[in-house]
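**Student:** I'll drop the sequence and a predicted model, then ask my questions.
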Amino acid sequence: MRIHHFLHARHDKHERHGLHGGHGRHDGHSEGRGRSRRERLFDAQDIRLLILNFLSTGTAHGYELIKSIEALAKGEYVPSPGIIYPNLTLLEETGAIRAADSPGGKKIWELTEEGKASLEQQREEVTAVISRLASLGVLGDNRRIPEVQRAIHNFKIALNTRLAKGDIPKETLYKIIDTLDQAAKDIERS
(Lines give C-alpha, C1' and ligand atoms only; values in the text may rest on other atoms or scores of the structure.)
Protein backbone atom coordinates (compact mmCIF):
# COMPACT_ATOMS: atom_id res chain seq x y z
CA MET A 1 0.00 0.00 0.00
CA ARG A 2 1.39 3.40 -1.04
CA ILE A 3 0.98 5.17 2.32
CA HIS A 4 2.64 2.42 4.36
CA HIS A 5 5.82 2.47 2.25
CA PHE A 6 5.88 6.26 2.10
CA LEU A 7 5.66 6.61 5.87
CA HIS A 8 8.56 4.23 6.43
CA ALA A 9 10.68 5.92 3.73
CA ARG A 10 10.12 9.33 5.32
CA HIS A 11 10.85 7.93 8.80
CA ASP A 12 14.64 8.31 8.48
CA LYS A 13 14.34 11.91 7.29
CA HIS A 14 12.21 12.81 10.29
CA GLU A 15 14.58 11.05 12.67
CA ARG A 16 17.47 13.17 11.33
CA HIS A 17 15.44 16.34 11.84
CA GLY A 18 14.41 15.49 15.39
CA LEU A 19 10.78 14.72 14.65
CA HIS A 20 10.61 11.81 17.05
CA GLY A 21 9.08 10.96 20.38
CA GLY A 22 10.91 11.41 23.60
CA HIS A 23 9.50 14.28 25.58
CA GLY A 24 8.63 11.98 28.44
CA ARG A 25 10.01 11.96 31.95
CA HIS A 26 12.75 9.39 31.36
CA ASP A 27 16.32 10.53 30.69
CA GLY A 28 18.59 8.16 28.80
CA HIS A 29 22.21 7.81 29.82
CA SER A 30 24.96 6.26 27.74
CA GLU A 31 27.51 4.09 29.48
CA GLY A 32 30.72 5.92 30.23
CA ARG A 33 29.57 9.27 28.87
CA GLY A 34 27.43 10.70 31.66
CA ARG A 35 24.30 12.47 30.57
CA SER A 36 23.45 12.12 26.93
CA ARG A 37 20.52 13.33 24.95
CA ARG A 38 17.11 12.16 26.05
CA GLU A 39 16.27 8.56 25.21
CA ARG A 40 13.56 8.18 22.61
CA LEU A 41 10.51 6.46 23.97
CA PHE A 42 8.58 6.53 20.72
CA ASP A 43 9.82 7.27 17.24
CA ALA A 44 7.99 9.18 14.52
CA GLN A 45 6.43 6.03 13.07
CA ASP A 46 5.06 5.10 16.52
CA ILE A 47 3.52 8.56 16.86
CA ARG A 48 1.91 8.31 13.42
CA LEU A 49 0.44 4.91 14.32
CA LEU A 50 -0.96 6.33 17.56
CA ILE A 51 -2.49 9.26 15.67
CA LEU A 52 -4.12 6.90 13.15
CA ASN A 53 -5.36 4.68 15.97
CA PHE A 54 -6.96 7.53 17.92
CA LEU A 55 -8.50 9.00 14.78
CA SER A 56 -10.05 5.61 14.00
CA THR A 57 -12.45 6.29 16.89
CA GLY A 58 -13.46 9.75 15.65
CA THR A 59 -12.23 13.19 14.69
CA ALA A 60 -9.83 15.14 16.92
CA HIS A 61 -7.79 18.31 17.17
CA GLY A 62 -4.03 18.01 17.57
CA TYR A 63 -4.32 18.99 21.23
CA GLU A 64 -6.88 16.23 21.80
CA LEU A 65 -4.47 13.70 20.28
CA ILE A 66 -1.73 14.87 22.66
CA LYS A 67 -4.12 14.49 25.60
CA SER A 68 -5.25 11.02 24.42
CA ILE A 69 -1.67 9.79 24.29
CA GLU A 70 -0.92 11.36 27.68
CA ALA A 71 -4.02 9.73 29.20
CA LEU A 72 -3.09 6.26 27.95
CA ALA A 73 0.40 6.67 29.47
CA LYS A 74 -1.13 8.12 32.67
CA GLY A 75 1.03 11.22 32.34
CA GLU A 76 4.31 9.33 31.99
CA TYR A 77 4.70 10.36 28.35
CA VAL A 78 3.40 13.54 26.76
CA PRO A 79 4.28 14.17 23.12
CA SER A 80 5.07 17.79 22.38
CA PRO A 81 3.21 19.80 19.75
CA GLY A 82 6.53 19.74 17.84
CA ILE A 83 6.13 15.97 17.56
CA ILE A 84 2.39 15.80 16.84
CA TYR A 85 1.83 18.60 14.33
CA PRO A 86 4.58 17.71 11.82
CA ASN A 87 3.32 14.12 11.86
CA LEU A 88 -0.26 15.31 11.28
CA THR A 89 1.01 17.27 8.27
CA LEU A 90 2.88 14.24 6.97
CA LEU A 91 -0.16 12.01 7.40
CA GLU A 92 -2.26 14.58 5.56
CA GLU A 93 0.28 14.74 2.73
CA THR A 94 0.18 10.95 2.36
CA GLY A 95 -3.61 10.91 2.27
CA ALA A 96 -4.04 8.98 5.54
CA ILE A 97 -5.94 11.83 7.21
CA ARG A 98 -7.65 15.03 6.15
CA ALA A 99 -8.76 18.21 7.79
CA ALA A 100 -12.50 18.28 8.43
CA ASP A 101 -14.81 21.24 8.88
CA SER A 102 -14.55 22.60 12.37
CA PRO A 103 -16.26 25.45 14.14
CA GLY A 104 -13.75 27.81 15.69
CA GLY A 105 -11.16 27.68 12.94
CA LYS A 106 -8.89 25.02 14.47
CA LYS A 107 -8.07 22.06 12.27
CA ILE A 108 -9.88 18.91 13.20
CA TRP A 109 -8.55 15.70 11.72
CA GLU A 110 -10.29 12.61 10.45
CA LEU A 111 -9.08 9.30 9.11
CA THR A 112 -9.47 8.61 5.39
CA GLU A 113 -10.21 5.22 3.83
CA GLU A 114 -6.54 4.95 2.89
CA GLY A 115 -5.62 5.72 6.51
CA LYS A 116 -8.01 3.04 7.78
CA ALA A 117 -6.47 0.50 5.40
CA SER A 118 -2.93 1.47 6.46
CA LEU A 119 -3.89 1.21 10.12
CA GLU A 120 -5.39 -2.23 9.59
CA GLN A 121 -2.29 -3.37 7.70
CA GLN A 122 -0.14 -2.31 10.67
CA ARG A 123 -2.44 -3.59 13.43
CA GLU A 124 0.30 -5.68 15.07
CA GLU A 125 2.65 -2.68 15.29
CA VAL A 126 -0.16 -0.49 16.63
CA THR A 127 -0.93 -3.03 19.33
CA ALA A 128 2.74 -3.14 20.36
CA VAL A 129 2.99 0.68 20.57
CA ILE A 130 -0.22 0.92 22.60
CA SER A 131 1.05 -1.81 24.92
CA ARG A 132 4.33 0.09 25.49
CA LEU A 133 2.40 3.28 26.17
CA ALA A 134 0.08 1.56 28.65
CA SER A 135 3.11 -0.04 30.36
CA LEU A 136 4.47 3.42 31.06
CA GLY A 137 1.24 4.16 32.91
CA VAL A 138 1.62 1.02 35.04
CA LEU A 139 5.25 1.94 35.74
CA GLY A 140 4.20 5.41 36.86
CA ASP A 141 1.44 4.05 39.11
CA ASN A 142 3.86 1.66 40.80
CA ARG A 143 6.57 4.28 41.12
CA ARG A 144 4.09 6.58 42.88
CA ILE A 145 3.44 4.07 45.69
CA PRO A 146 4.61 6.02 48.79
CA GLU A 147 6.81 3.22 50.13
CA VAL A 148 8.51 2.86 46.74
CA GLN A 149 9.05 6.62 46.51
CA ARG A 150 10.58 6.65 50.00
CA ALA A 151 12.90 3.73 49.25
CA ILE A 152 14.08 5.26 45.95
CA HIS A 153 14.67 8.61 47.67
CA ASN A 154 16.67 6.98 50.49
CA PHE A 155 18.71 5.01 47.96
CA LYS A 156 19.57 8.12 45.94
CA ILE A 157 20.53 10.10 49.05
CA ALA A 158 22.78 7.33 50.37
CA LEU A 159 24.49 6.78 47.02
CA ASN A 160 24.97 10.48 46.27
CA THR A 161 26.26 11.18 49.79
CA ARG A 162 28.85 8.42 49.52
CA LEU A 163 29.94 9.31 45.97
CA ALA A 164 30.32 12.98 46.94
CA LYS A 165 33.07 12.20 49.47
CA GLY A 166 35.91 12.57 46.99
CA ASP A 167 38.46 9.83 46.53
CA ILE A 168 36.85 6.45 47.05
CA PRO A 169 39.16 3.51 47.75
CA LYS A 170 38.91 0.78 45.11
CA GLU A 171 37.65 -1.76 47.65
CA THR A 172 34.83 0.60 48.65
CA LEU A 173 34.01 1.39 45.03
CA TYR A 174 33.84 -2.33 44.20
CA LYS A 175 31.58 -2.92 47.21
CA ILE A 176 29.22 -0.15 46.05
CA ILE A 177 29.16 -1.56 42.52
CA ASP A 178 28.57 -5.11 43.77
CA THR A 179 25.75 -3.88 46.03
CA LEU A 180 24.09 -2.02 43.15
CA ASP A 181 24.44 -5.03 40.82
CA GLN A 182 23.02 -7.38 43.47
CA ALA A 183 20.09 -5.05 44.19
CA ALA A 184 19.32 -4.88 40.46
CA LYS A 185 19.38 -8.70 40.20
CA ASP A 186 17.17 -9.10 43.27
CA ILE A 187 14.61 -6.63 41.92
CA GLU A 188 14.71 -8.16 38.45
CA ARG A 189 14.13 -11.69 39.82
CA SER A 190 11.44 -10.72 42.35
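**Tutor:** Everything's here; your move. All figures in this text were calculated on a predicted structure; none of them were measured in a lab.

**Student:** so the spatially most central residue of the chain, which state does it fall into?
**Tutor:** The centroid of the chain falls nearest to Leu41 when counting by CA atoms, centre = their mean (3.4 Å). Following DSSP: H, G, I helix; E, B strand; the rest coil, Leu41 is assigned to coil.

**Student:** and if you look at Thr57?
**Tutor:** Under three-state DSSP, Thr57 falls in the coil class.

**Student:** phi, psi for it please.
**Tutor:** Per-residue torsions, Thr57: phi -100, psi -10 (degrees, to the nearest 10).

**Student:** can you list the domain ranges for the protein.
**Tutor:** 2-143, 146-189 (automatic domain parsing).

**Student:** possible to save those domains as TSV with mean pLDDT?
**Tutor:** Listed next are these as TSV, based on pLDDT from 0 to 100:
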stretch	mean pLDDT
domain 2-143	79
domain 146-189	92
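
**Student:** so which of those domains is the most packed in?
**Tutor:** domain 2-143 (a mean of 16; mean count of other CB atoms under 10 Å). Quick note: C-beta positions are derived from backbone N, CA and C, even for glycine.

**Student:** so how far is that domain from its chain's centroid?
**Tutor:** Distance, stretch centre to chain centre, for domain 2-143: 9 Å (CA atoms, centre = their mean, to the nearest Å).

**Student:** and the helix or strand hosting Tyr63, what does it pack against?
**Tutor:** Per DSSP states H and E, Tyr63 falls inside helix 62-72. Counting by 3 or more CB pairs under 8 Å, 6 or more residues apart in numbering; DSSP states H and E, the packing neighbours recorded for helix 62-72 are helix 44-55, helix 81-94, helix 123-143.
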